[in-house]
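S.K.: what would the 3D arrangement of this be:
(one chain, ligands or ions: 1)
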Amino acid sequence: MSRRCNIRCEGCYYFEGDKQHAEENRDPAAWRRLMQAEKARGVTFVVLAGAEPALVPELCQACYEELPLGTIATNGLIRIPDTTGYRIHISVWGNDATSKRIRGASNMLGRQLENYRNDPRAVFVYTFTPTNIDEAREVTDNLASQDAQVTFNMFSAPVGYDGPLRHTPASLQKVRETTIALLADYPEHVLFSNYNAVVHTHRLGLHDLFACPYPRRNSTRNVGLGRSFRQYRTDLDWDRDAACCVPDTDCDDCRHYAAGSAIVTSKLFRHATDPETFRAWLDYVDTYLAVWVTGYAKGPNLYTSVTEPPCCAP
Ligand code: SF4
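M.R.: Alright, predicted model coming up:
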């Protein structure tokens with residue numbers, strides 16, 4: 001949406017690769033025409049992200065008026081007007097001390113809550129790194145006490161990133177245990193399932209587990225995301241070879257919640273092996289819809305133990 005952001009986070013995949021250098025098109029009429037063309041192509045859902053969409057509210061509003069089903073990813077420090085009725089994902093990377101250190105912003109959670117308290121559009125997305133796992137309970141408790149919804153994401157390294165935020169086998173296991181415990185303790189406020197925990201903390205990334213269907217890893221043009229998905233840049237152009245929901249992320253390390261929302265949900269047949277595995281997959285889809293679609297209420301999880309993905313051992 002914009003090449004600009006009001007903060008700068010360590011490990012941000014927007015400021016990797018070519019897309020950060022594309023020209024900015026700031027004409028709402030041009031974005032409106034793009035949405036109309038996408039609608040004519042059969043597209044029904046839009047995700048507005050990067051670097052910070054709240055800096056261009058007039059573009060978000062133009063998109064919403066043409067394609068009203070979708071989500072905006074934001075750092076939550078600038079409130080997006082109520083007239084833009086998309087789901088709003090607010091990124092949280094730990095407690096305030098950690099946010100100050102790796103995002104350079106003070107009192108971040110308080111400011112995010114000030115902007116989005118009691119806003120039915122809002123979901124707080126806690127991104128786990130190896131160094132903030134122990135802070136997740138304090139942050140979840142704070143969000144739940146203010147009746148906010150929270151879901152979980154995994155830091156997934158940008159291409160070439162070799163810093164301390166890259167997960168290890170030990171941190172993956174610890175995140176698995178932590179998210180399952182938080183889901184059990186805050187069932188009214190945590191949008192997640194045990195199967196989400198399992199697939200996003202597996203030793204294999206999502207592509208190796210399930211074969212990613214985004215154009216960047218999938219040459220099929222006949223059906224599904226290989227045909228429909230496009231990732232437009234700020235100049236309203238797109239590149240099939242780079243097109244996925246988290247461009248410039250290292251596929252081998254991809255455990256991102258947005259990636260899984262398409263990768264796992266598209267693998268119905270892989271999970272139609274037995275009732276337990278199918279229930280686990282239904283929970284994942286239910287979670288995906290609750291996180292991404294405004295007005296969709298999550299149902300109770302059907303599968304409450306922990307199953308490995310159908311393709312491989314842990
Ligand atoms: S980064 Fe993730 S979503 Fe993107 S192409 Fe690679 S595996 Fe797929």
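S.K.: give me the residues contacting the host helix or strand of Val125.
M.R.: Following DSSP states H and E, the helix or strand that holds Val125 is strand 122-128. Where contact means CB atoms under 8 Å, 6 or more residues apart in numbering, the residues beyond strand 122-128 that reach it are 73, 76, 87-93, 112, 116, 136, 139-140, 143, 148-155, 167, 171, 175, 178-179, 191, 257, 291. No exception for glycine: its C-beta is placed from N, CA and C like everyone else's.
S.K.: got phi/psi on the residue in the stretch 51-200 of the chain that the ligand sits nearest to?
M.R.: Of the residues in the stretch 51-200 of the chain, the one nearest the ligand is Ser156, at a distance of 6.9 Å by CB to the nearest ligand atom. The phi and psi values for Ser156, taken as degrees, to the nearest 10, are phi -120, psi 120.
S.K.: next up, the contacts around it.
M.R.: Neighbouring residues of Ser156 by CB under 8 Å, 6+ apart: 13, 205, 246, 249-250, 253-256, 259.
S.K.: which parts of the stretch 1-150 of the chain are helices?
M.R.: 28-40, 57-66, 96-103, 108-116, 136-145 (DSSP state H, counting those that start in this stretch).
S.K.: buried stuff in the longest one?
M.R.: Neighbour-count burial for helix 28-40, counted by 16 or more other CB atoms under 10 Å, picks out 28, 31-32, 34-35, 38.
S.K.: for these, give me a markdown table that also has pLDDT and distance to Asp18.
M.R.: What follows is the buried residues of helix 28-40, written out as a markdown table (pLDDT from 0 to 100; distance: CB to CB, whole Å):
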| residue | pLDDT | distance to Asp18 |
| --- | --- | --- |
| Pro28 | 98 | 25 |
| Trp31 | 98 | 20 |
| Arg32 | 98 | 25 |
| Leu34 | 98 | 19 |
| Met35 | 98 | 23 |
| Glu38 | 98 | 22 |
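S.K.: nearest to Lys100 among these?
M.R.: Distance to Lys100, by CB to CB, is smallest for Trp31 among the buried residues of helix 28-40, at 33.8 Å.
S.K.: of the helices of the stretch 1-150 of the chain, which shows the lowest average pLDDT?
M.R.: Set side by side, the helices of the stretch 1-150 of the chain give their lowest mean pLDDT on helix 96-103, at a mean of 92.
S.K.: helices or strands next to it in the packing?
M.R.: Using 3 or more CB pairs under 8 Å, 6 or more residues apart in numbering; DSSP states H and E as the contact criterion, the elements in contact with helix 96-103 are helix 108-116.
S.K.: near the ligand, which residues of the stretch 101-250 of the chain?
M.R.: With CB under 6 Å from any ligand atom as the criterion, the stretch 101-250 of the chain meets the ligand at residues 206-207, 212, 214, 216-217, 244-246, 249.
S.K.: so which of these sit within helices?
M.R.: Within these, membership in helices is found for 206-207, as judged by DSSP state H.
S.K.: save the residues of the stretch 101-250 of the chain next to the ligand as CSV, and put in pLDDT and neighbour count too.
M.R.: Conversion of these to CSV gives the following (pLDDT from 0 to 100; neighbours: other CB atoms under 10 Å):
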residue, pLDDT, neighbour count
Leu206, 97, 24
His207, 96, 22
Cys212, 95, 23
Tyr214, 94, 24
Arg216, 94, 23
Arg217, 93, 15
Cys244, 91, 25
Cys245, 87, 23
Val246, 88, 21
Thr249, 91, 25
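S.K.: surely Arg255 touches Met154?
M.R.: Yes: look at Arg255 against Met154 with CB atoms under 8 Å: they come within range, at 3.9 Å.
S.K.: so what sits against both of those two?
M.R.: Common neighbours of Arg255 and Met154, counting by CB under 8 Å, 6+ apart, are 167, 200-201.
S.K.: quick check, nearest of the residues you listed to Val46?
M.R.: Ranked by distance to Val46 (CB to CB), the shared contacts of Arg255 and Met154 are led by His200 at 23.8 Å.
S.K.: now do the contacts for the closest one.
M.R.: 152, 154, 175, 206, 255, 257, 260.
S.K.: try Thr277
M.R.: 271, 307, 310.
S.K.: got a pLDDT number for the closest residue to Arg176 other than its chain neighbours?
M.R.: Closest residue to Arg176 in three dimensions, ignoring its sequence neighbours and counting by CB to CB, 6 or more residues apart in numbering: Thr201, at 4.0 Å. Predicted confidence (pLDDT) for Thr201: 97.
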